[in-house]
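Enquirer: I need the structure of the sequence given here:
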Amino acid sequence: MKVSVSRYLKLLTSRVRQAAAPADVLVGRLLLIGLGVLFLQLFLHGLSYSLGVTGLLSRGVTTEFWSAALSTPALPQSLLLSTLIAAAVTLLSLSGSLLMTARRYCCGRSRCLESAIWLSMAVPVIVAATLIRFWLAPGGLIARILYHCGFLASPAEFPALINDPYCIGIVLCGTFCSMPLLTLFQLRIQETDGLHLYAHAAVQLGASQLRAFTHVFLPMLIRRSRGMLLLTFLWNFSAWEAPLLLGRQSPRMISVLIQKSSGEFSLAQRPLGFVFSTVYFLVGVLAITIVSAKDRKHE
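Expert: Reported below is the predicted structural model:
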């Protein structure tokens, strides 16, 4: 009797899942369509404002705002700075997540480590940026500790890691906030896709443990993490809180440049913010298109 009931429950569960699968696909497509319409509306609003079609200073179609924005070095500098910072944070986050995943591959699961990763995800970006500013600023916590230990003659002699030309504070904050999510994503992939089984099969076929890890496990893990790596890059490319607190006034990251241009008291500067936001939107769409095209080509 118990066996028949359990079989019936399993059959019922499988049929429910099969019936729910088309509904999930439909809901997912509707959400994607809704998001696409929303982003298209925002893009068209920003484009029309930047061309003078709408807005408080509307005088008809004009390209003077685009000419002014493209002639200033602030836009290319901001795009280059945002790209470099996002790439550095993505690479550091990937390196840290791969170390965590390699530890689990070699030593097994650690609940304490995973709990610490989950707790670190609960820290907001603005809090992380404030803590980094409190710790790493000249005269901050670390500088005062080194001063009292006799390593510095004055807390002000601590090297500038905040508002510095190399954006070290922004990179550290972005890595601290991005690496936990990427690590949990890769650990989930390792568990659900059974990547260790493929590495174990390679070992049984004659490969060493190191070769199975570097030539089978890691390539499969990185391949499945491409979408998450792209999201990590775009998230840090458009970061706002950390660059505002830890970055310099010039050059600024693209998000801070958009906010400053759109929030100026002078209404004449506001269309420039919409020009910058439109360029930022086009760059994001271009990056997603390139990555998607490469994935289709590999498939």
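
Enquirer: Chain neighbours aside, what residue packs nearest to residue 88?
Expert: residue 171 (5.2 Å; CB to CB, 6 or more residues apart in numbering). Where C-beta positions appear, they are placed from N, C-alpha and C, glycine not excepted.

Enquirer: For residue 52, see how far away that neighbour is.
Expert: Going from residue 171 to residue 52 by CB to CB, to the nearest Å gives 38 Å.

Enquirer: Of those two, give the one with the bigger neighbour count.
Expert: residue 171 (21 against 18; other CB atoms under 10 Å).

Enquirer: Now do the contacts for that one.
Expert: Counting by CB atoms under 8 Å, 6 or more residues apart in numbering, residue 171 touches 85, 88, 89, 92.

Enquirer: Can you check the pLDDT for it?
Expert: Here, the pLDDT recorded for residue 171 equals 93.

Enquirer: SS state for it?
Expert: helix (DSSP: H, G, I helix; E, B strand; the rest coil).

Enquirer: and if you look at the one 3 residues further on?
Expert: Per three-state DSSP, the secondary structure class of residue 174 is helix.

Enquirer: what number of residues lie near it?
Expert: 29.

Enquirer: For the closest residue to it other than its chain neighbours, identify the helix or strand it belongs to.
Expert: Among residues not flanking residue 174 along the chain, residue 89 sits closest, at 3.8 Å (CB to CB, 6+ apart). Assessed by DSSP states H and E, residue 89 sits inside helix 74-107.

Enquirer: low-scoring stretches of the protein, by residue?
Expert: Within the chain, the set of residues satisfying pLDDT under 70 comprises 1-25, 28, 56-57, 263-268, 294-299.

Enquirer: For it, which segments count as helices?
Expert: Under the criterion DSSP state H, the chain contains helices at 2-50, 64-71, 74-107, 111-121, 125-136, 141-148, 168-193, 195-204, 209-212, 218-224, 226-237, 241-246, 254-262, 270-298.

Enquirer: Put together CSV for these, with distance to residue 161 on each row.
Expert: Output for these, formatted as CSV (distance: least, CB to CB, whole Å):
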stretch, distance to residue 161
helix 2-50, 35
helix 64-71, 32
helix 74-107, 14
helix 111-121, 20
helix 125-136, 4
helix 141-148, 9
helix 168-193, 5
helix 195-204, 37
helix 209-212, 36
helix 218-224, 30
helix 226-237, 18
helix 241-246, 9
helix 254-262, 19
helix 270-298, 27
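
Enquirer: these two touch, right, residue 133 and residue 247?
Expert: No. Assessed by CB atoms under 8 Å, residue 133 is found out of contact with residue 247, at 10.9 Å.

Enquirer: Neighbour count for these two, which is higher?
Expert: Per other CB under 10 Å, whichever of residue 133 and residue 247 has more neighbours is residue 247, with 22 against 18.

Enquirer: what's the more buried one sitting at in phi/psi?
Expert: phi -100, psi 170 (degrees, to the nearest 10).

Enquirer: do the same with residue 252
Expert: Dihedral angles (degrees, to the nearest 10) for residue 252: phi -110, psi 160.

Enquirer: Make 5 the starting number, not 1.
Expert: Okay, using 5 as the starting number, the last item reads as residue 256.
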